[in-house]
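Student: Give me coordinates for this.
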Amino acid sequence: MKRPVRTPAGARTLPALALALVLVAGGFAAWTGWDWYAAAHDDSAAYAVQRDAALAAGEQAVQNLNTLDHRDVDHGLDLWESSTTGDLHDQLASGRKEFADQVEKAKTVSTARVLSGAVTELDDRAGRARILVALRVTVKASDGKSTDKDSRMLGELTRTGGSWKLSALGQAPVGGTSAG
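Tutor: You can find the predicted model right below:
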């Protein structure tokens with residue numbers, strides 16, 4: 001009669017340990033994959049993308065509408081028009097000649113820099129947003145003197161053709177004053 005071959009106890013636990021590690025790693029991979037998929041297809045992620053796009057477009061548009069150089073007025077006014085839509089666009093387009101004449105006569109250069117901005121409302125389905133932008137406008141006169149003015153602007157944006165454009169712009173009330 002043959003005697004059974006005995007394997008050492010440690011030799012049996014090694015394959016069991018390897019199998020356990022493979023199962024744990026597979027479970028972890030499945031869990032992280034599902035978590036990634038859920039985050040990538042979450043509606044709040046798409047909402048955040050639209051909010052960020054609206055803010056970036058709004059800040060740029062407000063900066064464009066507060067920047068104008070008498071040496072290149074047409075380029076500046078083209079930026080104004082390309083940044084806007086609706087009634088605001090129509091007002092700027094119809095007043096283009098008067099704006100150009102005023103800036104060329106005054107020989108000023110205004111440069112705006114956005115200090116901060118925020119989306120205050122976003123209706124992604126309707127394609128409408130509101131923003132608040134703080135900016136510093138530097139106006140350089142023909143005599144070389146420059147002045148800085150800080151202001152807060154409230155803007156309304158409308159999504160047109162997949163991009164956001166400014167459809168209204170006004171001064172934000174400061175303290176106890178109201179916007180005029």
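
Student: ok, then the element right after the longest helix anywhere in the chain?
Tutor: Using DSSP state H to assign secondary structure, the helix with the most residues in the chain is helix 9-40. Per DSSP states H and E, the first helix or strand lying C-terminal to helix 9-40 is helix 43-65.

Student: chain center to the helix or strand just after that following helix: distance?
Tutor: Using DSSP H and E, the helix or strand that follows helix 43-65 towards the C-terminus is strand 68-69. Centre-to-centre, strand 68-69 and its host chain are 24 Å apart (CA atoms, centre = their mean, to the nearest Å).

Student: Which neighbouring elements make contact with strand 68-69?
Tutor: helix 73-82, strand 109-123 (3 or more CB pairs under 8 Å, 6 or more residues apart in numbering; DSSP states H and E). (Glycine included, C-beta is placed from N, CA and C.)

Student: try 7 Å
Tutor: Contacts defined by 3 or more CB pairs under 7 Å, 6 or more residues apart in numbering; DSSP states H and E place strand 68-69 against no helix or strand at all.

Student: contacting residues around it?
Tutor: Gly76, Val103, Val109, Ser110 (CB atoms under 7 Å, 6 or more residues apart in numbering).

Student: By neighbour count, which of those residues wins?
Tutor: Gly76 (21 neighbours; other CB atoms under 10 Å).

Student: Read off the pLDDT value for the closest residue to it other than its chain neighbours.
Tutor: What sits nearest to Gly76 in space, not counting adjacent residues and going by CB to CB, 6 or more residues apart in numbering, is Leu68, at 4.2 Å. Note on Leu68: pLDDT of 95.

Student: One more: Trp31?
Tutor: 88.

Student: Any idea how many residues pack against it?
Tutor: 10.

Student: where's it relative to Trp164, distance?
Tutor: In this view, Trp31 and Trp164 are 37 Å apart by CB to CB, to the nearest Å.

Student: just Arg136 next, same as before
Tutor: 23 Å.

Student: Kindly report the same for Arg128.
Tutor: Applying CB to CB, the value for Arg128 to Trp164 is 10 Å.

Student: Mutual contacts of the two, please.
Tutor: Here Arg128 and Trp164 have Leu157 as joint contacts, going by CB under 7 Å, 6+ apart.

Student: about what we covered before: next one: the residue nearest to Gly76 from Glu121, what distance?
Tutor: 28 Å.

Student: Check Arg113 too.
Tutor: 25 Å.

Student: if we can go back for a sec, with neighbour numbers in mind, choose between Leu68 and Glu121.
Tutor: It is Leu68, of Leu68 and Glu121, that has more neighbours when counted by other CB under 10 Å, with 23 against 11.
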